[in-house]
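Asker: task: produce atomic coordinates for the following.
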Amino acid sequence: MYPSITTVLSLRKKQGLSEWRKRVGEDVANHIARTAANRGTKVHQMCEDFLNNKEVTKDNRDFLPYCLFTQIKDVIKTNINNIYAQECGLWSDKYKVAGRVDCIAEYNKELAIIDFKTSKKPKPRDWIEHYFVQCMAYGCMLYELTGISVKKLVIIMSCENGECIVYEEYNKAKYIKLLGEYINKFVQDKLELYGTE
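Answerer: You can find the predicted model right below:
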């Protein structure tokens, strides 16, 4: 049993989240976190259904997720082809992590790890380093399990302000190095918390 890559990465954000929770209060923070998680889950499901050629229809109960999905829909139709896997469980014996990748497919004719994200507004590229590390982890897992190497990492971010931003990254070596650093920090934190026995 390996920890999920999202668990490994979440520890890196803890200090900032802790400060934010203190600032807005636990009740507000919990509501915002639940709402964002629910929104993201619904948008992911719509993207998965659309890529599986299922009809995605508007549902008044899910109005915001549907709007966010419609922003991603054109990006999917125009750029994604030759799907290798969706919502597929992967793991790495080398890195001792596991996870469930959103999509492995060709993006503009280049094999990519593709991750769908939702946000209130676009995030600057330097705020989403951990998204690329997560994608690179899936890329490493895929290569270890199949020998298939992806060309790039793609984040598709649908935002409540009406924008859909696509971030593409080719510098895999940078994120492989960061993946190792994140995992080492996670292990160190666990050893300090629970001891070595």
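Asker: wait, K58 sits on Y66?
Answerer: Yes - contact criterion C-beta atoms under 8 Å: K58 and Y66 qualify, at 5.1 Å. To be clear about C-beta, it is placed using only N, CA and C from the backbone, and glycine gets the same treatment.
Asker: which of these two has more neighbours?
Answerer: Each of K58 and Y66 has its neighbours counted (other C-beta atoms under 10 Å); Y66 has more, 18 against 10.
Asker: list the contacts of that one.
Answerer: M46, V56, K58, D59 (C-beta atoms under 8 Å, 6 or more residues apart in numbering).
Asker: mind telling me what element Y182 is part of?
Answerer: helix 172-194 (DSSP states H and E).
Asker: which strands and helices sit next to that helix?
Answerer: Judged by 3 or more C-beta pairs under 8 Å, 6 or more residues apart in numbering; DSSP states H and E, helix 172-194 is in contact with helix 5-10, helix 129-146, strand 152-159.
Asker: same list (these) but as a markdown table, adding distance to F50 and mean neighbour count.
Answerer: Listed next are the helices and strands packed on helix 172-194 as a markdown table, based on distance: least, C-beta to C-beta, whole Å; neighbours: other C-beta atoms under 10 Å:
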| stretch | distance to F50 | mean neighbour count |
| --- | --- | --- |
| helix 5-10 | 23 | 20 |
| helix 129-146 | 20 | 22 |
| strand 152-159 | 12 | 22 |
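Asker: need the ones you listed in a markdown table (columns: mean pLDDT and distance to Y170).
Answerer: Output for those, formatted as a markdown table (pLDDT from 0 to 100; distance: least, C-beta to C-beta, whole Å):
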| stretch | mean pLDDT | distance to Y170 |
| --- | --- | --- |
| helix 5-10 | 90 | 20 |
| helix 129-146 | 97 | 11 |
| strand 152-159 | 97 | 5 |
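Asker: output those as TSV; include the columns distance to D93.
Answerer: Formatted as TSV, the entries for the helices and strands packed on helix 172-194 read as follows, by distance: least, C-beta to C-beta, whole Å:
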stretch	distance to D93
helix 5-10	14
helix 129-146	7
strand 152-159	22
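Asker: can you check which of those gets nearest to T118?
Answerer: Nearest of the helices and strands packed on helix 172-194 to T118, taken as C-beta to C-beta: strand 152-159 at 5.4 Å.
Asker: how near is the residue most central in space within the chain to M141?
Answerer: With distances taken as C-alpha atoms, centre = their mean, the residue of the chain nearest its centroid is D115 (4.8 Å). Between D115 and M141 the computed distance is 14 Å (C-beta to C-beta, to the nearest Å).
Asker: one more: K117?
Answerer: From K117 to M141 the distance is 19 Å (C-beta to C-beta).
Asker: cool, E129 as well?
Answerer: Using C-beta to C-beta, one obtains 19 Å as the distance from E129 to M141.
Asker: do F50 as well
Answerer: Using C-beta to C-beta, F50 is found at 25 Å from M141.
Asker: same deal with I83?
Answerer: Relative to M141, I83 is positioned 17 Å away (C-beta to C-beta).
Asker: overlap in contacts of D115 and M141?
Answerer: Counting by C-beta under 8 Å, 6+ apart, the residues touching both D115 and M141 are V101.
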